[in-house]
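>>> sequence plus predicted model, see below.
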Amino acid sequence: MNVSLPRPHLFGLLAGLFLAAGIAFAALVFANTWSRIAESQVVNVTGSARKNIVSDLVVWRGRFAAEDASLLGANEQLKSDLAKVEAFLRTKGIGTYTLAPVQIREVTSRAKDDDGETVTRRIGYHLTQTVIVRSTDIEAGSRLGRECAQLLNDGVALVQDGIEFLYTKAGEAKVEMMAEATKDARARAEQIGAQGGRRIKQLRAARMGVIQINPLYSAETSWEGNNDRSSLEKTITATVSATFDLN
């Protein structure tokens, strides 16, 4: 009885396959081990900085309207009311302001004609004038919001469209706050490293967060970043996510 033996080159092929698989597995283990070692050589922290500020620009908007059967009549009434508004602004210490383009709207009514059909007829014109005041005199601007109702005594029904408080140096403050947040991140990293007997070497990477400008003592946040315009006093908050090398 004859027994066939495996060919020598078959053993060589199998041995080569096992060797290649062993090398690939060793490389994978080595890469995974190196990754863990590398990760253990860094620390990730988030630093923050806060600064209280006071708005340095106030923006006030008010509008008033006039209505008359003719466009000319409505315009004359609007001019008369504007003169009263300008006099009011001068008494409040406001010397410069902006007049938005006059908005004109036809006033119409619906009625039945001789045939009983409903028709729309123009019965007059409604004109609206908006006044915009931008002032670095915060008190003077704020006073407009409190006292604009005085114009009613002169027959002007002025409607206040809101008052905004802005901080014009926000761009400069953001740069300063980012630097402070980075310093805070390093201090946090040094504290963490000290607990493990390690020292901080250098900053490897940093990612700046969104700047938040909120009313004083507010901690509200949003993904887009807040930019409060409603309060005189505000707080700027900045964050930085940083990665430091460990020694």
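Arrived safely. All values derive from a computational prediction rather than experimental measurement.

>>> could you point out which element follows the lowest-mean-pLDDT helix or strand in the chain?
The weakest-scoring helix or strand in the chain, judged by mean pLDDT, DSSP states H and E, is helix 8-39 (a mean of 52). Using DSSP states H and E, the helix or strand that follows helix 8-39 in sequence is strand 42-54.

>>> so how far is the helix or strand that that following strand is followed by from its chain's centroid?
Beyond strand 42-54 on the C-terminal side, the first helix or strand identified by DSSP H and E is strand 57-68. Per CA atoms, centre = their mean, to the nearest Å, the displacement of strand 57-68 from the mean C-alpha position of its chain is 27 Å.

>>> in its sheet, what does strand 57-68 sit against?
The partner list of strand 57-68 in its sheet, established with DSSP bridges, is strand 118-135 (antiparallel), strand 159-166 (antiparallel).

>>> make CSV from the ones you listed and add mean neighbour count to it.
Placement of C-beta: from N, CA and C, glycine included. Written out in CSV, the entries for the strands paired with strand 57-68 read as follows (neighbours: other CB atoms under 10 Å):
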stretch, mean neighbour count
strand 118-135, 16
strand 159-166, 15
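
>>> okay if I get those strands as TSV plus mean pLDDT and distance to residue 205?
Formatted as TSV, the entries for those read as follows, by pLDDT from 0 to 100; distance: least, CB to CB, whole Å:
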stretch	mean pLDDT	distance to residue 205
strand 118-135	92	41
strand 159-166	92	34
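
>>> residue 194 is nearest to which of the ones you listed?
strand 159-166 (42.8 Å; CB to CB).

>>> export that closest one to CSV, keeping only CA atoms.
Extracted C-alpha coordinates of strand 159-166, given in CSV (Å, rounded to 0.1, in the frame of the first residue of the first chain):
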residue,chain,number,x,y,z
VAL,A,159,-43.7,104.8,19.6
GLN,A,160,-40.4,103.5,20.9
ASP,A,161,-39.0,100.6,18.9
GLY,A,162,-36.5,99.6,21.5
ILE,A,163,-33.2,100.6,23.0
GLU,A,164,-29.9,98.6,22.6
PHE,A,165,-26.7,98.7,24.7
LEU,A,166,-23.6,97.8,22.8
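
>>> list the contacts of that strand.
55-64, 130, 138, 141-142, 144-145, 148, 229-232, 234 (CB atoms under 8 Å, 6 or more residues apart in numbering).

>>> quick one: low-confidence ranges for this structure?
Along the chain, the model assigns pLDDT under 70 to residues 1-40.
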